[in-house]
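> quick check, what structure comes out for this input:
(chains A and B)
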Amino acid sequence: MPFRRIAFLITLGSLYFPVSSHAVDYQGLEFTGSGFMTVAAGRVFGGTRDAAVDQGFHCPCFISDYAQQGVYQAGHWQAGPDSKFGLQGTVSSADGRYSVTGQAVSRGAANGAGNLEWLYATAELSGNLTVQLGRKRLPLFSYSEAQDVGYALPWIHLPPQLYGWEVVNYDGGSLVWRDQWAQWNGSVQVFGGSETRRDSGYWRIYNGRGSRTDVRWSDILGTELSISRDWFSARAVRIQSHTQNKLVSSGETSFSERKRQIIHGLSLGADLDNWFARAEFLYIDRTEDYGKDYANLLAVGYRHGPWQPLLSRAIYRQRLNSDGVPERHGTWSAVLRYDMTDDSAIKAQIDLWNDRTAPGFGSMHGDARQFTVSYDRVF
Amino acid sequence: MFLANLPRRYRNVLLRVLTPLLLLFAAQGAMAEEEVVVITNLENANVIDRAYVVKVYTGAVKGWPDGSPIFVLDYGQDSELRKIFYSRFIGKSPAAMRAIWSQNIFTGKAMPPRVTQEDSEMKRIVAGNRNAIGYIRASQIDRTVKVIDR
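Predicted structure coming up:
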């Protein structure tokens, strides 16, 4: 049973962490442990398919997470694509200024296999300046860094039109400056590094379920600017890097030629009384490779006691250098969240994926109607 | 007088129902009157307002206005004092605070506040660390710490 490992880890985690707050002091150092889990089940209940380009998946299919190859396939309930279990441990100095943090995540989408997602050292050089070195999440999107923590998100799976890319982590360093100007809070983050992803889940969706593609992003250099005041928040990010691929399953032994990409992101948030709204825009310039990508997201939610309904619309479209068939699709999502306790919630989500890609597109595509339920918990 | 005029059977029933309710209201009243104050080290010259305290306890700021890092102290999740503090000072429910700190902790944005056990331990740590901030019952104030918000 492919889900056995993650079920075992969830059970183990529940035994070790029956209550919240886990900190131990030892010789001036503080050791803290925490974790999160999502147990989700979903089913595709309609859609279209083109058997010639199913890429080994049993479609109609709903892609819930490109980066981790989270794909719901037609015909039966599945628990793998969105279920995950994460453990995080931190060792910090007595004054909290220096720490080392590691986070491992076991995913149903990877048949329960665990992966080290974060491992970094932090130094609070002053009240304004923070340096982090190690392995971190790449802040491509507004919710990128929290993407695995279902309890912290209003969706079960983030809209895949925006939140799906071939690389989500990087090895390197970041420098964050935080400050305040009158009523405004702001931060500037500069980061850099590289990432090599072996057997990319993203590329299995495009190149075939049984394929293997390695991806390398080198010379990553990014800047993120965030500001907030009262009910308003905004974030802008620019990341540049070189990209390379290697289709290992086709016998390629070396990476392709380095090609430059520039990623631009802008997100706006409003949080007023019980209402909240998010808007996010993404533009990726990969002209040196195949063309340009555009994606955007609009979401509106309402908090009513423990209930939190949300409606969102996400769109992705591609512009190619060549005369090929560009990829275009969008998803409407309706989510209802209910906070069961201070650290657990259940959610139900309906997604309607509409494919606007023209016939002739050489990979998996088609419409999909998806229903998913989940239980999220942090500890 | 009202009870005295009632038949004995109804009077007993009323007393059985009202007595626990009155005790409950009295207990809630006592909790509601518990005054909480925010404290820092005597040598700390920074002046901050309520909005700044909110930012500190939600992880939005990590430093004092003079640029020195803040060492944030808190009580465990089951602490009644903690519930009063977050309700009155921060204006957030325990669930909302959990969601905020889940984002902070699991995304590397901020370390959770250091958890202490009692007012006395909180005072001891604040008294010994110039950058510390914490909160205690007003009845526990003494000369070892400075009140910056109440």
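
> quick check, the residue in the stretch 201-350 of chain A closest to chain B?
Chain B sits closest to A:D342 of the stretch 201-350 of chain A, with a gap of 4.3 Å, by C-beta to the nearest C-beta. Any C-beta I mention is one placed from the backbone N, CA and C, and that applies to glycine too.

> tell me who's in contact with that residue.
A:D342 is in contact with B:Q77, B:S93, B:P94, B:A95, B:R98, counting by C-beta atoms under 8 Å, 6 or more residues apart in numbering or on different chains.

> could I get the phi/psi values of A:E124?
Main-chain torsions, A:E124, degrees, to the nearest 10: phi -90, psi 100.

> how about the nearest residue to it once chain neighbours are set aside, what does it touch?
Leaving aside its sequence neighbours, A:E124 sits nearest to A:R97 (C-beta to C-beta, 6 or more residues apart in numbering or on different chains; 4.4 Å). Going by C-beta under 8 Å, 6+ apart, A:R97 touches A:A123, A:E124, B:P69.

> how much space between the last one and chain A?
Same thing as B:P69. Distance, B:P69 to chain A, using C-beta to the nearest C-beta, to the nearest Å: 5 Å.

> that residue touches A:L129, doesn't it?
No: contact status for B:P69 versus A:L129: not in contact, 9.3 Å apart, counting by C-beta atoms under 8 Å.

> on that earlier part again, for the residue nearest to A:E124, grab phi and psi.
Dihedral angles for A:R97 - degrees, to the nearest 10 - are phi -80, psi -20.

> any idea what the residue of chain B at minimum distance from chain A is bridged to?
Closest to chain A within chain B is B:G63: 1.4 Å, counting by C-beta to the nearest C-beta. B:G63 has the following beta-bridge partners by DSSP bridges: B:P69.

> same deal with A:Q103?
Counting by DSSP bridges, A:Q103 is bridged to A:Q88, A:W118.

> tell me the contacts of it?
Residues in contact with A:Q103 (C-beta under 8 Å, 6+ apart) are A:G86, A:L87, A:Q88, A:G89, A:L116, A:E117, A:W118, A:L119, B:F106.

> are any of the residues you listed buried, and which?
With burial judged by 16 or more other C-beta atoms under 10 Å in any protein chain shown, the buried subset of the contacts of A:Q103 is A:G86, A:L87, A:Q88, A:E117, A:W118, B:F106.

> any idea whether the residue nearest in space to the middle of chain B is helix, strand or coil?
With distances taken as C-alpha atoms, centre = their mean, the residue of chain B nearest its centroid is B:F85 (2.4 Å). Reducing the assignment at B:F85 to three states with DSSP: H, G, I helix; E, B strand; the rest coil gives helix.

> could you do A:V188 as well?
Strictly by three-state DSSP, A:V188 counts as strand.

> likewise the one 3 residues further on?
When the structure is split into helix, strand and coil by three-state DSSP, A:F191 lands in strand.

> quick one: the closest residue to it other than its chain neighbours from A:S228, how far?
Excluding its sequence neighbours, the residue lying closest to A:F191 (C-beta to C-beta, 6+ apart) is A:S174, at 3.8 Å. To A:S228, A:S174 is 19 Å away according to C-beta to C-beta, to the nearest Å.

> the more surrounded of the two?
Each of A:S174 and A:S228 has its neighbours counted (other C-beta atoms under 10 Å in any protein chain shown); A:S174 has more, 22 against 18.

> picking up where we left off before, please identify, among the contacts of A:R97, the one with the most neighbours.
Using other C-beta under 10 Å as the neighbour criterion, A:E124 leads these with 24 neighbours.

> could I get the CA-only coordinates of stretch B:74-83 as CSV?
Output of stretch B:74-83 as CSV, limited to C-alpha atoms (Å, rounded to 0.1, in the frame of the first residue of the first chain):
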residue,chain,number,x,y,z
ASP,B,74,5.1,34.0,26.8
TYR,B,75,3.2,31.4,28.8
GLY,B,76,2.1,27.9,27.7
GLN,B,77,-1.1,27.5,25.6
ASP,B,78,-3.1,26.3,28.6
SER,B,79,-2.3,29.4,30.7
GLU,B,80,-5.3,31.4,31.7
LEU,B,81,-3.1,34.5,31.9
ARG,B,82,-2.1,34.0,28.3
LYS,B,83,-5.8,33.8,27.2
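
> which ones are touching the closest residue to A:L133 other than its chain neighbours?
Nearest residue to A:L133 in three dimensions, chain neighbours excluded: A:G173, at 4.5 Å (C-beta to C-beta, 6+ apart). A:G173 sits next to A:V131, A:Q132, A:L133, A:G134, A:F191, A:G192, A:G193 when contact means C-beta under 8 Å, 6+ apart.

> mind listing what the strand or helix carrying the third one pairs with, with the direction of each?
In this structure, A:L133 sits in strand A:129-137 according to DSSP states H and E. The pairing partners recorded for strand A:129-137 under DSSP bridges are strand A:114-124 (antiparallel), strand A:169-181 (antiparallel).

> contacting residues around B:I148?
Neighbouring residues of B:I148 by C-beta under 8 Å, 6+ apart: B:V38, B:I39, B:T40, B:N46, B:V47, B:I48, B:I133.

> if I look at A:N115, how far off is A:F36?
For A:N115, the distance to A:F36 - C-beta to C-beta - is 15 Å.

> could you list the low-pLDDT ranges of the chain?
Using chain A. Chain A contains residues with pLDDT under 70 at A:1-22.

> meant chain B, my bad for not saying
B:1-33.

> interface residues of it facing chain A?
Within chain B, the residues that sit near chain A (C-beta under 8 Å from any C-beta of the partner chain) are B:55, B:60-64, B:66-72, B:76-77, B:93-95, B:98-99, B:102-103, B:105-109, B:111-112, B:114-115, B:129, B:131.

> if we go to 7 Å?
Proximity of chain B to chain A, by C-beta under 7 Å from any C-beta of the partner chain, involves residues B:55, B:60-64, B:67-71, B:76-77, B:94-95, B:98-99, B:102-103, B:105-108, B:111-112, B:114-115, B:129.

> what residues are up against A:D171?
The contact partners of A:D171, by C-beta atoms under 7 Å, 6 or more residues apart in numbering or on different chains, come to A:R135, A:G193, A:S194, A:E195.

> give me the residue at the spatial middle of chain A.
Among the residues of chain A, A:Q147 comes closest to the average C-alpha position under C-alpha atoms, centre = their mean, at 3.9 Å.

> touching, it and A:L158? I think so.
Yes: A:Q147 lies in contact with A:L158 (C-beta atoms under 7 Å); the separation is 6.1 Å.

> and A:N115 and A:F36? Which one has more around it.
Taking other C-beta under 10 Å, A:N115 and A:F36 do not tie; A:F36 has more neighbours (26 against 13).
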